[in-house]
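**Q** Sequence plus predicted model, see below.
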Amino acid sequence: MAVTEPAPAAPLSTPEGILRRQSLRESAARTYARSLPIVPVRARGLTIEGADGRRYLDCLSGAGTLALGHNHPVVLEAIRKVLDSGAPLHVLDLATPVKDAFTTELFATLPRELAEHGRIQFCGPAGTDAVEAALKLVRVATGRTGMLAFTGAYHGMTAGALAVSGGGRDDGVTRLPYPQNYRCPFGIGGERGAETAARWTENLLDDPKGGIPAPAGMILEPVQGEGGVVPAPDTWMRRMREITASRSIPLIADEVQTGVGRTGAFWAVEHSGVVPDVMVLSKAIGGSLPLAVIVYRDGLDAWGPGAHAGTFRGNQLAMAAGAATLAFVRENRLADRAAVLGARMLGQLQGLAADHPCIGDVRGRGLMIGVELVDPEREDLTTGNPPPPAPALASAVQQECLRRGLIVELGGRHSGVVRLLPPLTLTDEQAVAVLDRLADALAAAARSAQPGARPGTAAAHHRAETGPSH
């Protein structure tokens, strides 16, 4: 019997060696590394360069963290200034000039009513910790324990944040319908669908036999990101504000991904004119470094010293980078730029859908864009429902994009939505390049998915490269 010699190990310094060691050493919970098998070594703006010399247009942007792209000069200068000053880098929650400057800049961007009557709590470095702080705050302030959350939501990976995310398992959380046009839970869509969702919520809260725990708060995303880039209708947002205010239920807006100009307004709640009781902020507010806070009405400030703490809640470098980022976005009106460029990109993608039946829906707000891919061959015309999602096709498109030097992410309930989160500094020329590569990747993946396509399809390449799905 012939003996097969094992393949030689990749040299330690090569990208292949680094990737191999990562797969051997890191946990099965790793995510992006599975679908994006690259080794970044340099980055600037929209562009990442891998250790193999290949360059990629990054439309993941640290899951929306990099509002100004990679290594923006104003961010680097802010970090260098702190390092060169000799200031302490670790200060717990002590007052510092850097923190004061960050807080002042942040409050200057907030809805005026919240800024004038607001308090800020610096949390642990991740957005999920800020969500935990928000949940804890409203429970302390109201003396109630229940929570209102929405189907399709994503709020983080710690226990409380997971409990209020879509698919969570917590008897204290009441899950409400989040309106959407394409896959309306009531089969209606549009304004009627949104109003039906609002009436459902109102009726449930007022039903003495509804059986729901007394709510301490309602938490929602103005645009569901991981849920598939689903913007909340402005009228529905205003109805949620009316419903919660009239029942003394604090409204928590999770702006971790939507904030700092991403949706075409500095904060996504501004589209509807809603002023929440609590805002959860992270990602872009740290200018690429870890930072998370909640800002809330002073009337909720009922907890005592140490009620929420964290060793790394005083990240001086992140506050400096964050203040520089907030100021740059504000002074250069990048939210307005995101609105204009995002609308143009949405229009071009909708035009692309006319030639590709596998594009079920194109949606988003500003530079937070989603393309939902479907299987038109499995559409049941007797029901009037959209075709089922096509997660395998979406995965293949993602891999075809990577081969063409474009990094995109997937989302949605079935991972069938291709998501674009480019930096707010995206130029017109870069936007054209992004859409050209995406269109080419979509065409290639769609051809490979057709019956009778030759072996070695894009989906097969994806399985070979990434292993089991995460």
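**A** Everything's here; your move.

**Q** Who's the closest spatial neighbour of L135, skipping the chain neighbours?
**A** Leaving aside its sequence neighbours, L135 sits nearest to G160 (C-beta to C-beta, 6 or more residues apart in numbering; 5.0 Å). Every C-beta, even on glycine, is put in place using the N, C-alpha and C of the backbone.

**Q** Any idea how many residues pack against that neighbour?
**A** Residues within reach of G160, counting by other C-beta atoms under 10 Å, total 22.

**Q** give the contact list for P125.
**A** Taking C-beta atoms under 8 Å, 6 or more residues apart in numbering, we find P125 in contact with 290-292, 310, 312-313, 315, 318.

**Q** Can you tell me which of the residues you listed is nearest H72?
**A** For the contacts of P125, the closest approach to H72 (C-beta to C-beta) belongs to A318, at 14.4 Å.

**Q** Other residues contacting the helix or strand hosting that closest one?
**A** Take DSSP states H and E as the rule and A318 turns out to sit in helix 316-331. Contact partners of helix 316-331, identified using C-beta under 8 Å, 6+ apart, comprise 67-68, 72, 74-75, 77-79, 81-83, 87-91, 96, 98-99, 101-102, 105-106, 108-109, 125, 260-261, 266, 284-291, 334-335, 424.

**Q** so after that helix, what's the next helix or strand?
**A** By DSSP H and E, the next helix or strand past helix 316-331 is helix 334-353.

**Q** Show me how far that next one is from its chain's centre.
**A** 18 Å (C-alpha atoms, centre = their mean, to the nearest Å).

**Q** before we move on, back to that, taking the contacts of P125, tell me the two that lie furthest apart.
**A** Greatest spatial distance among those (C-beta to C-beta): G310 and A318, at 13.0 Å.

**Q** Just want to know which of the two has more residues nearby.
**A** A318 (23 against 18).

**Q** sec struct for the residue nearest to L135, please.
**A** Classification of G160 using DSSP: H, G, I helix; E, B strand; the rest coil returns helix.

**Q** so it touches V131, yeah?
**A** Yes. Between G160 and V131 there is a contact at 6.9 Å, judged by C-beta atoms under 8 Å.

**Q** in the helix holding A318, what's buried?
**A** By neighbour count on 16 or more other C-beta atoms under 10 Å, the buried set for helix 316-331 is 316-330.

**Q** nearest to G304, of those?
**A** Looking across these and measuring by C-beta to C-beta, the closest to G304 is M319, at 24.7 Å.

**Q** Quick check: chain neighbours aside, which residue is closest to that closest one?
**A** Using C-beta to C-beta, 6+ apart, the nearest residue to M319 is F102, at 3.9 Å.

**Q** How many residues are close by that neighbour?
**A** Residues contacting F102 under the criterion other C-beta under 10 Å number 28.

**Q** And for the one 5 residues further on?
**A** For F107, the count of nearby residues is 15 (other C-beta under 10 Å).

**Q** swap in D207?
**A** 10.

**Q** got it, and R413?
**A** Neighbour tally, R413, other C-beta under 10 Å: 16.

**Q** Kindly report the same for M240.
**A** M240 - counted by other C-beta under 10 Å - has 26 other residues nearby.

**Q** could you pull out the strands for the stretch 301-450 of the chain?
**A** 359-365, 368-373, 406-407, 409-411, 417-420 (DSSP state E, counting those that start in this stretch).

**Q** Kindly reformat the ones you listed as JSON lines containing mean neighbour count and distance to N385.
**A** Below are those laid out as JSON lines (neighbours: other C-beta atoms under 10 Å; distance: least, C-beta to C-beta, whole Å):
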{"stretch": "strand 359-365", "mean neighbour count": "22", "distance to N385": "11"}
{"stretch": "strand 368-373", "mean neighbour count": "27", "distance to N385": "13"}
{"stretch": "strand 406-407", "mean neighbour count": "24", "distance to N385": "31"}
{"stretch": "strand 409-411", "mean neighbour count": "22", "distance to N385": "20"}
{"stretch": "strand 417-420", "mean neighbour count": "27", "distance to N385": "17"}
